[in-house]
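1. here is a sequence with its predicted model. Questions after.
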Amino acid sequence: MTDLASSEQITPQGNSAFGFIRKHMREYGILLALIAIMAFFQVVTGGILLKPVNLTNLILQNSYIVIMAIGMLLVIVSGHIDLSVGSVLGFVGALAAVMIVNWEVNYLVTAVVCLAVGAAIGAAQGYWVAYFKIPSFIVTLAGMLVFKGLTLWLLAGQSIGPFPRQFQLIASGFIPDLFGAGGINLFSLVLGLIVAGVLLYLAVRTRLHQQKTGIVDEPFAFFVAKNTIIALAIVYMSYLMATFRGLPNVFIIMALLISVYTFIAGRTTIGRRIYAIGGNEKAAKLSGINTERLTFLTFANMGMLAALAGLVFAARLNTATPKAGLAFELDVIAAVFIGGASMSGGVGTIVGAVVGAFIMGVMNNGMSILGVGIDWQQVIKGLVLLAAVIFDVYNKNKAA
Amino acid sequence: MSSDTILEMRNITKTFPGVVALDTVNIGVARGEIHALVGENGAGKSTLMKVLSGVYPHGSYEGQIFYNGEEKSFRGVADSEREGIIIIHQELALVPLLSIAENIFLGNERARRGIIDWRETSRRTRELLAKVGLTEHPETRVTDLGLGKQQLVEIAKALSKEVKLLILDEPTSSLNERDSDALLDLLMEFRERGISSILISHKLNEVSKVADTITVLRDGSTVSTLDCRRNAVSEDHIIRDMVGRSLSDRYPPRDPKIGDTVFEVRNWTVHHPVHSERKVVDDVCLTVRRGEVVGIAGLMGAGRTELAMSLFGRSYGVNISGEALIGGKPADLSTVRRAVAAGLAYATEDRKTYGLILEDTIRRNVPLANLEAIASRSVVDERREAEVAEEYRRKINIKCSSIAQETINLSGGNQQKVVLSKWLFADPDILILDEPTRGIDVGAKFEIYTIIRDLAAAGKAIVMISSEMPELLGVTDRLYVMNEGRMVGELPTAEATQERIMSMIIKSAG
């Protein structure tokens, strides 16, 4: 047909470098923003930011935000929100403390029970959201109050600690150096190299697949530049940390979660369906997708990850306090939106949310080093969140 | 320019990055005439009206607009409204939970020093409603009105702003025949009173019924201006101008090969989800045979969509009773998944709300109802996904830049093709198509009819719900007529006429 011919003329010219940047402004923008912010603080702090000890700290400090941002991304993509995660984190930390310190339960048993309790809490909230169509904002606002209260009750207003050594290692341990070379943790460096290698291999493989099916979008120069930067960054970071004490255990947990959930979100039928629900729940339902069950599972998953974050946080502080997790939900939600997720659902990536969390983390860390007060830190973080979302909306309007 | 020309747009050119949307378009509207603007989707009708109303402000286009003999440069919709140019868009701009009166005077409240004068508001509303033939109470909430009446409220709102040039974008696309007729009568009444109107419509029978002049746009240019007062203009002539080729036949020829009954519905009754004592579908029986296209005719609100959706995984209604048989055996249609597994598919009448993930690509929309087929152990094979989408893009001619295009940017006809692709990929035996050609242009309609024909030829059983009787007569083998939730007639299409169908509906109501 004549129209087909004309439509095919449009296709190949569509992926000029400039057009591509405009279309993917968001994805590159967020990564560039993180690099720019890190560079900025590296300079103004006189090189402290990327000192091995500080870098390690930065990762430890943000681990629980990153873990929760992964779950929150799925919740927000499915078109909902979870305000209770901070309280659940606090509650699970308190539960762990009571079990380990007061009842002297084995720490592994405690961890398993705590994760199950977290999943059950998420499931209980998800049940009302999914099957009774109660707005998630309200259900989880209630959950936030309930678990804040239960934390206080469980701890009787006191702090409980300290934890046994093995439990602390979750958050403050480092992977052992299997090679036992002195001075530098060689095993960590090798791990970094392996991860970078695997990522490069996957990227090249995907690109070859795309070429075969003729849906290559990204200009070659971009593909090379992006993947080189990511690989070099990973190798450099692991080198830096190797010169300190090696890769923290939490870092490994985070890396595993990020890769597993990126795969689930992007490549599995469950992931596809969650995005479809967030994009258009009615259409998803009429396509035979069990929207209720998936929404329910998304919340249960969020609860479990909040519990994991609770364990990490309690282990890091080496104590459970009634104030643990206060206002964490705000940082987590901000990270997800800075990372490019849409308030109305259906849009967002795990990697984006993680980068968003690190943008917040680097700013916290950098400003603390500079001695900026907590007052102005809040102001600046708020403005960054607003700017990121304005940038999003502006781009979207321009594209339309 | 003669004094009885209210509007003249000269050499309007409007470009978007990389696209010329309008190319030296000319249009002149005489005072007190009904001027129809027709063209395929994407021909530039809406763009032209946006230029006129100031949505695209002066300076963002080339050319001149003369209104009442003066050159105008509108900078926004407020400017054009002040001059009496009012557009009523296809998607109504009413606030559902506010009353008729509040909607009519929204942004234009009858108020003194910020305090609303409700007596005056109510009195003026009554006057305006009388002019459009409505007797509703001004405090009725808009959501409680039918679509036809909502459309009339929009017109009353336009009248409240002292309209001189009324522009209606597809006003009857979601109205039934009776409401459409009432609306067209109203336009003719306005003509008597000297109000000019521009009517954008795909329904050529309406256009030829009321229009004094027809301007045809194609690919952003004026193709012809037809004067209907001097001599009658045939629909075929208009279509020829619109599509640039002669559609010798509006429906593809077919040679039906009809087999055994595959789908049978017995005594199907469905109650309203909120007012559960009300029967929306009442004791309906229906059979469809392999290779057969069965039409369901009826007015808007006859219960056809409700019948289809209640069959498809009980997606509508409560207290559903009755039997559904596929291939002679009772079928489990209790959830959408089970219905799909049993071989049923339903392509919705409302593509945007129920059919597509608009902010997602064609590639991801097409396999959505059958993800398992492109996945192994729950992991999606993206290569297979792209192949599937590409296959359907070629097979049913989805016009797009690539399968990576988001469906929100497609025209109505192509969106419909994506919805069809989704269901074809689920490989059903029985397809229920609900208003498959609503709001899409003549060329794309022909393509959809061809798809339907080919599906039937491949042995599928098709149920087609449509409010456009000519299309039912042109495409189907057998017709059911539905009214107020009941089947009130069944006849072979060969024996059917529009008059016979209408009389079945009217008799059943009496």
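-> That came in fine, so what should we check first? These figures come from a predicted structure and were not determined experimentally.
2. going forward, measure contacts between C-alpha atoms and count neighbours the same way
-> Fine.
3. pLDDT weak spots in chain A?
-> A:1-24, A:26, A:180-183, A:213-217, A:398-400 (pLDDT under 70).
4. try 80
-> Where chain A drops to pLDDT under 80, the residues are A:1-29, A:176-185, A:209-219, A:392, A:395-400.
5. can you report how many residues lie near B:Asn68?
-> Residues contacting B:Asn68 under the criterion other CA atoms under 10 Å in any protein chain shown number 17.
6. which one is it nearest to, not counting chain neighbours?
-> B:Ile6 (4.8 Å; CA to CA, 6 or more residues apart in numbering or on different chains).
7. send the alpha carbons of the helix or strand encompassing the one you found over as CSV?
-> B:Ile6 is part of strand B:5-16 when elements are defined by DSSP states H and E. The C-alpha trace of strand B:5-16 is given here as CSV (Å, rounded to 0.1, in the frame of the first residue of the first chain):
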residue,chain,number,x,y,z
THR,B,5,-19.1,35.8,5.0
ILE,B,6,-18.5,35.4,8.7
LEU,B,7,-15.2,33.7,8.5
GLU,B,8,-12.5,33.4,6.0
MET,B,9,-9.2,31.6,6.6
ARG,B,10,-6.7,32.3,3.9
ASN,B,11,-3.6,30.3,3.0
ILE,B,12,-3.2,28.8,6.5
THR,B,13,0.1,26.9,6.9
LYS,B,14,1.0,25.2,10.1
THR,B,15,4.1,23.2,10.6
PHE,B,16,5.3,21.0,13.4
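8. give the buried residues for whatever helix or strand comes next after it.
-> Next helix or strand after strand B:5-16 toward the C-terminus (DSSP H and E): strand B:19-30. Buried residues in strand B:19-30, counted by 16 or more other CA atoms under 10 Å in any protein chain shown: B:Ala21, B:Leu22, B:Asp23, B:Val25, B:Asn26, B:Ile27, B:Gly28, B:Val29, B:Ala30.
9. same question for stretch B:349-365.
-> Applying 16+ other CA under 10 Å to stretch B:349-365 flags B:349, B:351-352, B:354-365 as buried.
10. unless I'm mixing things up, B:Asp219 is touching B:Gly44, no?
-> Yes - because the distance of 6.8 Å satisfies CA atoms under 8 Å, B:Asp219 is recorded as touching B:Gly44.
11. which one of those two has more residues nearby?
-> Neighbours were counted for B:Asp219 and for B:Gly44 using other CA under 10 Å; B:Gly44 has more, 24 against 20.
12. for the more buried one, give its distance to B:Leu37.
-> Between B:Gly44 and B:Leu37 the distance is 10 Å, computed by CA to CA, to the nearest Å.
13. who touches both of those two?
-> Applying CA atoms under 8 Å, 6 or more residues apart in numbering or on different chains, one finds that B:Gly44 and B:Leu37 are jointly contacted by B:Leu217.
14. which strands or helices does the helix or strand harbouring A:Val53 pack on?
-> Using DSSP H and E, A:Val53 sits within helix A:52-77. Packing partners of helix A:52-77 (3 or more CA pairs under 8 Å, 6 or more residues apart in numbering or on different chains; DSSP states H and E): helix A:220-243, helix A:249-267, helix A:269-279, helix A:291-317, helix A:328-338, helix A:350-370.
15. coming back round to it: now for the buried residues of stretch B:349-365: which two are most distant?
-> B:Glu349 and B:Arg363 (21.5 Å; CA to CA).
16. tell me the domain boundaries of chain B?
-> Chain B is divided into the following domains under automatic domain parsing: B:5-243, B:256-343+B:428-510, B:354-426.
17. which residue is the nearest non-sequential neighbour of A:Gly310?
-> A:Leu89 is the one closest to A:Gly310 (CA to CA, 6+ apart), at 4.1 Å.
18. does that neighbour touch A:Ala309 like I think?
-> Yes - contact criterion CA under 8 Å: A:Leu89 and A:Ala309 qualify, at 6.2 Å.
19. for the two, indicate the residue with more neighbours.
-> Each of A:Leu89 and A:Ala309 has its neighbours counted (other CA under 10 Å); A:Leu89 has more, 34 against 28.
20. quick check: angle from the helix or strand the more buried one falls within to helix A:52-77?
-> A:Leu89 is part of helix A:85-97, with elements assigned from DSSP H and E. Angle of helix A:85-97 versus helix A:52-77, following axes from the mean of the first three to the mean of the last three CA atoms, to 10 degrees, is 120 degrees.
21. any bit of the next helix or strand after helix A:85-97 sitting next to chain B?
-> As assigned by DSSP H and E, the chain's next helix or strand after helix A:85-97 is helix A:107-132. No - Helix A:107-132 is not in contact with chain B by CA under 8 Å from any CA of the partner chain; minimum separation 15.1 Å.
22. show me what helix A:107-132 is packed against.
-> helix A:85-97, helix A:136-155, helix A:291-317.
23. distance of whichever residue of the stretch 401-510 of chain B sits closest to chain A relative to B:Glu390?
-> Closest residue of the stretch 401-510 of chain B to chain A, CA to the nearest CA: B:Ser401 (5.2 Å). B:Ser401 sits 12 Å away from B:Glu390, going by CA to CA.
24. cool, and A:Ala142?
-> Applying CA to CA to A:Ala142 and B:Glu390 gives a distance of 47 Å.
25. same thing with B:Ala341?
-> Counting by CA to CA, the gap from B:Ala341 to B:Glu390 is 24 Å.
26. report the inter-axis angle for whichever strand or helix holds B:Leu199 versus strand B:5-16.
-> Element membership of B:Leu199, judged by DSSP H and E, is strand B:196-200. Here the directions of strand B:196-200 and strand B:5-16 differ by 40 degrees (the same axes, to 10 degrees).
27. need the residues that contact strand B:196-200.
-> Outside strand B:196-200, the residues that touch it by CA under 8 Å, 6+ apart are B:29-38, B:45, B:164-171, B:187, B:190-191, B:207.
28. just stretch A:367-379 next, same as before
-> Residues from elsewhere that reach stretch A:367-379, judged by CA under 8 Å, 6+ apart: A:Thr45, A:Asn364.
29. and for stretch A:162-175?
-> Residues from elsewhere that reach stretch A:162-175, judged by CA under 8 Å, 6+ apart: A:60, A:97, A:100-101, A:107, A:188, A:245-250, A:312-313, A:315-316, A:318-319.
30. show the end-to-end separation of it, please.
-> One end of stretch A:162-175 to the other measures 22 Å (CA to CA).
31. and the strand holding B:Ile6, what's buried?
-> Buried residues in strand B:5-16, defined by neighbour count with 16+ other CA under 10 Å: B:Thr5, B:Ile6, B:Leu7, B:Glu8, B:Met9, B:Arg10, B:Asn11, B:Ile12, B:Thr13, B:Lys14.
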